[in-house]
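1. Here's a sequence, model it:
(one chain, ligands or ions: 2)
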Amino acid sequence: MEHTLKHEVIIDDTTLRDGEQTAGVVFSKKEKIAIARMLDSIGVRELECGIPAMGEDERAAVRALVDLGLSARLITWNRALVADIQASIDCGITAVDISLSVSDQMIAHKLRKDRRWVKEQLRHSLGFAKEKGLYVSVGGEDSSRADLLFLVELMEVARDMGADRFRFCDTLGILDPFTMYEKVRTLRTAVPELDIEVHTHNDLGMATANAIAGIKAGARFVNTTVNGLGERAGNAALEEVVMALKLACGCDPGIDTQRFHEISRFVGRASQRPVPPWKAVVGERVFSHESGLHADGVIKNPLNYEGFDPAEVGLRRHIVVGKHSGTSGLVERFRSMGVELAREEAAELMDEVRAVAQRLKRPLSDGDLRRLYAAGKHDRLAA
Ligand SMILES: CC(=O)SCCNC(=O)CCNC(=O)[C@H](O)C(C)(C)COP(=O)(O)OP(=O)(O)OC[C@H]1O[C@@H](n2cnc3c(N)ncnc32)[C@H](O)[C@@H]1OP(=O)(O)O
Ligand SMILES: O=C(O)CCC(=O)C(=O)O
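-> Ligands and ions are numbered 1, 2, ... in the order given. Got it, this is the predicted structure:
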């Protein structure tokens with residue numbers, strides 16, 4: 001496996017399509033516009049923005065997004081049906097994902113067709129889309145369970161008919177990164193003329209890892225959603241994929257990450273799926289340090305215990321005082337409250353700090369600390 005990325009990576013964010021498919025989530029048109037503007041402004045180059053076949057409300061939202069004149073390319077999701085594609089065209093859309101189930105499981109038991117039908121339907125719908133001058137991603141739903149030779153056949157049809165890329169979907173989120181790498185690499189080698197897009201789900205907690213594996217195997221496009229929203233356990237999170245590309249793969253996809261926290265909070269509210277404080281990259285508390293040795297290390301030099309500067313994603317560092325604290329963390333926390341505490345004084349307070357944290361089952365607030373300090377001072381005066 002190659003460890004450094006040599007090719008460009010384009011983020012196609014599908015918060016407004018797969019993200020909104022999270023069971024129970026609905027974005028208003030206004031929220032869709034705000035999300036699209038935010039993603040566009042931070043440099044996301046492509047937005048999968050809806051499904052015009054759904055009806056008039058969805059079409060109105062897609063049209064409104066088209067009217068924004070964003071820099072990002074807008075792409076819609078379509079079944080391999082001329083009517084779906086026409087509905088996208090009617091919204092002013094010039095790029096479409098044409099989706100077909102490609103695993104034998106789904107071909108037989110969902111579409112209730114056979115491989116020949118899938119190939120024919122691809123030819124028919126892709127032919128229509130190209131005739132209309134559209135940019136096309138051919139979406140292979142359930143690619144991860146499909147026969148690779150059949151995928152190669154479909155990709156060859158797609159390539160020969162002028163498709164712009166093939167979307168390899170781990171629809172059920174069942175792959176591990178090593179298998180993902182091998183499958184995408186095989187397809188990339190077999191049909192090098194057709195770009196690959198990877199779409200991963202988080203059912204086994206590997207959406208981001210699989211997205212990165214697909215990119216490392218040669219995929220040029222990657223799907224993400226803000227906060228990892230999406231069907232079931234969600235998709236690869238935008239903030240995770242971008243930071244992993246930058247920090248673990250040495251590849252900058254050109255995104256201004258400083259607004260990640262703000263965008264995450266907005267999408268959390270709009271989706272009514274609040275972001276857990278421990279959510280990787282954007283969780284409110286992922287730069288909180290309580291453990292004595294960690295707090296000491298991070299105070300001396302943040303790089304000791306932080307892989308990147310919290311400000312890079314719009315967050316702040318917190319020194320938390322609680323059951324696992326040590327003297328350095330306590331001194332630093334008092335300093336931030338305007339109280340200069342000698343190390344010895346802090347050491348004397350430690351037992352009480354632990355006891356309070358243990359009793360309350362939570363970290364100590366500024367108020368708790370002031371009370372402890374005042375009581376300690378009183379004791380010291382009395383002694
Ligand atoms: C993996 C994914 O996330 S793919 C994206 C899926 N997203 C969504 O489903 C959200 C939006 N969906 C909808 O609003 C509706 O399902 C619509 C408008 C697409 C279709 O609605 P309806 O016509 O009422 O049908 P329904 O929802 O029951 O869809 C099932 C039909 O679509 C067919 N179908 C499913 N996928 C495809 C495909 N890729 N290409 C062609 N037909 C397909 C099924 O075979 C079935 O056809 P049948 O009734 O002849 O058996
Ligand atoms: O484009 C496609 O075929 C489907 C994309 C998708 O949402 C999935 O497979 O999970």
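2. Please list the residues outside stretch 267-282 that contact it.
-> Identification of contacts with stretch 267-282 by CB atoms under 8 Å, 6 or more residues apart in numbering yields 15, 19-20, 22, 24-25, 27-28, 31, 34-35, 208, 226-227, 229, 237, 239-240, 243, 260-261, 264-265, 283-286, 313, 315. C-beta: built from backbone N, CA, C; applies to glycine.
3. What remains of those residues if I keep only buried residues?
-> 15, 19-20, 22, 25, 27, 31, 34-35, 208, 226-227, 229, 237, 239-240, 243, 260-261, 264-265, 283-284, 286, 313, 315 (16 or more other CB atoms under 10 Å).
4. Now do the closest residue to ligand 2 within the stretch 101-250 of the chain against Trp117, distance only.
-> The stretch 101-250 of the chain approaches ligand 2 most closely through Gly139 (2.3 Å), counting by CB to the nearest ligand atom. Noted for Gly139: a distance of 16 Å to Trp117, by CB to CB, to the nearest Å.
5. between the two, which one's more packed in?
-> Gly139 (26 against 14; other CB atoms under 10 Å).
6. and that one, what helix or strand is that in?
-> In this assignment (DSSP states H and E), Gly139 forms part of strand 135-141.
7. cool, Arg37 as well?
-> With DSSP H and E as the criterion, Arg37 is inside helix 29-41.
8. The nearest residue to Leu364 once chain neighbours are set aside: neighbour count?
-> Distance criterion CB to CB, 6 or more residues apart in numbering; nearest residue to Leu364, sequence neighbours excluded, is Val321 at 4.7 Å. Look at Val321: counted by other CB under 10 Å, it has 28 neighbours.
9. Now Val321: which helix or strand?
-> Secondary structure assignment for Val321, by DSSP H and E: no helix or strand.
10. What sits closest to Leu172 if chain neighbours are left out?
-> Asp203 (6.1 Å).
11. what residues does the chain put near ligand 2?
-> Selection of the chain residues close to ligand 2 by CB under 6 Å from any ligand atom yields Asp18, Asp97, Ser99, Gly139, Gly140, Glu141, Arg167, Cys169, Thr171, His199, His201.
12. Now for those residues, which sits with the most neighbours around it?
-> Ranked by neighbours (other CB under 10 Å), those are led by His199, which has 32 neighbours.
13. part of a strand, is that one?
-> Yes - His199 forms part of a strand when assessed by DSSP: H, G, I helix; E, B strand; the rest coil.
14. pretty sure it contacts Arg165?
-> No - counting by CB atoms under 8 Å, His199 stays clear of Arg165, with 11.4 Å between them.
15. so who does Ala61 touch?
-> Lys29, Lys32, Cys49, Gly50.
16. rewinding a little: just flag the most distant two among the residues of the chain next to ligand 2.
-> Largest separation among the residues of the chain next to ligand 2 by CB to CB: Asp97 and His201, giving 15.8 Å.
17. How many residues are close by the residue in the stretch 251-383 of the chain that ligand 1 sits nearest to?
-> Proximity of the stretch 251-383 of the chain to ligand 1 (CB to the nearest ligand atom) peaks at Ser271, 15.7 Å away. Close neighbours of Ser271, defined as other CB under 10 Å, add up to 23.
18. hang on, Asp97 in a strand?
-> Yes - with three-state DSSP as the criterion, Asp97 is part of a strand.
19. Let me see the contact set for it.
-> Here Asp97 is in contact with Glu48, Ile75, Thr76, Trp77, Asn78, Val136, Ser137, Val138, Gly139, Arg167 (CB under 8 Å, 6+ apart).
20. Test my guess that the second one contacts Ala95.
-> Yes - with the criterion set as CB under 8 Å, Ile75 and Ala95 qualify as a contacting pair; they are 4.1 Å apart.
21. the more surrounded of those two?
-> Using other CB under 10 Å, the more surrounded residue of Ile75 and Ala95 is Ile75, with 25 against 20.
22. I'd like the distance from the more buried one to Leu369, if you could.
-> For Ile75, the distance to Leu369 (CB to CB) stands at 52 Å.
23. Over to Asp142?
-> Look at Asp142 and Leu369: by CB to CB, they are 55 Å apart.
24. for Glu156, same thing?
-> From Glu156 to Leu369 the distance is 67 Å (CB to CB).
25. Also Arg59?
-> Arg59 is 56 Å from Leu369, by CB to CB.
26. intersection of neighbour lists for Ile75 and Ala95?
-> With CB under 8 Å, 6+ apart, Ile75 and Ala95 have common neighbours Glu46, Tyr135, Ser137.
27. Can you give me the neighbour number for the residue nearest to Val226 when sequence neighbours are not counted?
-> Excluding its sequence neighbours, the residue lying closest to Val226 (CB to CB, 6+ apart) is Val267, at 4.2 Å. Neighbours of Val267 under the rule other CB under 10 Å: 27.
28. among the contacts of stretch 267-282, which are in helices?
-> Among the contacts of stretch 267-282, the members found in helices (DSSP state H) are Glu31, Ala34, Ile35, Thr208, Glu239, Glu240, Met243, Phe260, His261, Ser264, Arg265.
29. what are the phi and psi angles of the residue of the stretch 251-383 of the chain found nearest ligand 2?
-> Closest residue of the stretch 251-383 of the chain to ligand 2, CB to the nearest ligand atom: Ser271 (16.7 Å). Backbone torsions of Ser271, given as degrees, to the nearest 10, read phi -90, psi -10.
30. Look up how far Asp203 lies from the residue nearest to Leu364.
-> On the measure of CB to CB, Val321 and Asp203 end up 38 Å apart.
31. which of Glu156 and Leu369 has more neighbours?
-> Leu369 (21 against 14).
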